[in-house]
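Student: sharing a model that was predicted from the sequence below.
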Amino acid sequence: MARRRQLEPPSPEALKALEEGYAREVPRSGLRMPIADVVGEAAAMSTPLPPEARAEQARDKADADRWREAEKDGRLVTLIPITEIRVAGITRDRLEVDADELNELALSIGDSGLRLPIEVFRSAQDSEGYTLISGYRRLEAFRQLVDLGRVDGDFTRIPAFIREPESEAEVYVAMIEENEIRVGLSQYERGRAAAMAVYDGVFPTLDEAVSTLFRNASKAKRSKIRSFAMIHEELADMLEFATQMNERQCLRLASALRAGLGPKIREALEAVKVGSLDEEWAEMLPFIEEAEGAAPAPGRGGRPKAAKRLETARHTRLAGGISIERESGPRGFAIRFHGPVTPDMVDDCMARIEALLGAPD
């Protein structure tokens, strides 16, 4: 069996010989050991700063942290050239902007500045610019100020929040919620927005579009919006004054469309040139009344409908000189109002009935 060799530390004479040999091989002139640099840097860093400098350094770090957090959360306002913002990237929910209101907004911004930034995002089509989410009227006001040659402010750039939406549906929701809260959409524009969101492929069905875009609305209101969407789907290319129709007119027109009178209404509108909502409504009214089972208005011509036998029962008096009674006949049951009743009162009663019985999902 081989014997292990016992290792012994070098003698002082051997160590001295090694050092002398190393000195002969490596010249000392200009040589600086790396450890010397490390020690020097560590010493410099360990030298304490004055209290004022350390406080300023801490504030700078806190400001940088807040800036990064604001950028991450989308709270950082960026000045963006108005020429780099597209409004056609998504289908806008608003069809009309009142010229007088836009002019007032532009003058207000010109005098006092913009109080609320717009919202934009980068889409796959935005190689060098942005797509508008909300703030259409504010953006148009800036463009109007530029066209007017206002030189007392930089209106070529507009303050904006740059968003990073997770889906296109989130973009539509943000756009509609902003308009609903600030400047309400017309009844027709609500339905059109839902219908166009389906047409653009954002939602697979109209029910899902209405439920998502108007998620904060009551069940009765969402049911009405589905009716308004039907008007857009069947008559969008024929109606000139759709945004001026009130809620009751939209609901009556939707009932006529459900009754299958859409082709007749289109034919009537194609045959005339209307210049106002009253004229347009007058062309559709006979078909709406036909769907409701009422006689045409005097002077509209046509053969009067035969009177149907109605039975009345349960006459109830209410406050303010108003009374109601129940009617029944071939078309079902009805509640008739008597006295100083306004259309708004009837609409409120219908909304309560819808809430009581439940609107279709």
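Tutor: Okay, I see it.

Student: ok, now how distant is residue 339 from residue 80?
Tutor: Look at residue 339 and residue 80: by C-beta to C-beta, to the nearest Å, they are 58 Å apart. Using the backbone N, CA and C atoms, a C-beta is placed for each residue, glycine as well.

Student: show me where the chain has its strands.
Tutor: Under the criterion DSSP state E, strands of the chain are mapped to 77-81, 85-86, 118-121, 130-134, 157-163, 311-317, 323-329, 332-338.

Student: quick one: distance of the second one to the chain centre.
Tutor: Chain-centre distance of strand 85-86: 16 Å, with C-alpha atoms, centre = their mean, to the nearest Å.

Student: partner strands of that strand, with direction?
Tutor: strand 130-134 (parallel) (DSSP bridges).

Student: start and end of stretch 263-279, how far apart?
Tutor: For stretch 263-279, the first and last residues are 19 Å from each other (C-alpha to C-alpha, to the nearest Å).

Student: for that stretch, buried residues please.
Tutor: When neighbours are counted by 16 or more other C-beta atoms under 10 Å, the buried residues of stretch 263-279 are found to be 265, 268-269, 277.

Student: rebuild those residues as CSV, extending it with distance to residue 211.
Tutor: Conversion of the buried residues of stretch 263-279 to CSV gives the following (distance: C-beta to C-beta, whole Å):
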residue, distance to residue 211
265, 28
268, 34
269, 31
277, 30
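
Student: which ones among those residues lie within helices?
Tutor: Of the positions in the buried residues of stretch 263-279, 265, 268-269, 277 sit in helices, assigned by DSSP state H.

Student: can I get those residues in JSON lines with pLDDT and distance to residue 345?
Tutor: Shown next, in JSON lines, are these (pLDDT from 0 to 100; distance: C-beta to C-beta, whole Å):
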{"residue": "265", "pLDDT": "93", "distance to residue 345": "28"}
{"residue": "268", "pLDDT": "91", "distance to residue 345": "31"}
{"residue": "269", "pLDDT": "91", "distance to residue 345": "31"}
{"residue": "277", "pLDDT": "92", "distance to residue 345": "23"}
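
Student: quick check: closest non-adjacent residue to residue 272.
Tutor: With C-beta to C-beta, 6 or more residues apart in numbering as the measure, residue 283 is the residue that lies nearest to residue 272, at 5.8 Å, once sequence neighbours are left out.

Student: and that neighbour, how many neighbours?
Tutor: Applying the criterion other C-beta atoms under 10 Å, we find 16 residues in the vicinity of residue 283.

Student: distance check, the most centrally placed residue in the chain against residue 185.
Tutor: The structure's the chain has its C-alpha centroid closest to residue 175; by C-alpha atoms, centre = their mean the separation is 1.5 Å. Using C-beta to C-beta, we find residue 175 at a distance of 10 Å from residue 185.

Student: same check on residue 276?
Tutor: Shown here: residue 276 relative to residue 185, a distance of 21 Å by C-beta to C-beta.

Student: okay, residue 104 and residue 111: tell me how far apart.
Tutor: 11 Å.

Student: which one's more surrounded, the two?
Tutor: It is residue 104, of residue 104 and residue 111, that has more neighbours when counted by other C-beta under 10 Å, with 12 against 9.

Student: and residue 225, what does it touch?
Tutor: For residue 225, the contacting residues are 190-191, 194, 210, 214, 217, taking C-beta atoms under 8 Å, 6 or more residues apart in numbering as the criterion.

Student: do residue 322 as well
Tutor: By C-beta under 8 Å, 6+ apart, the contact set of residue 322 is 337-341.

Student: one more: residue 292?
Tutor: Residues touching residue 292, when contacts are defined by C-beta under 8 Å, 6+ apart, comprise 252, 255-256.

Student: which of these tops the neighbour count?
Tutor: Counting neighbours by other C-beta under 10 Å, the one among the contacts of residue 292 with the most is residue 256, which has 22 neighbours.
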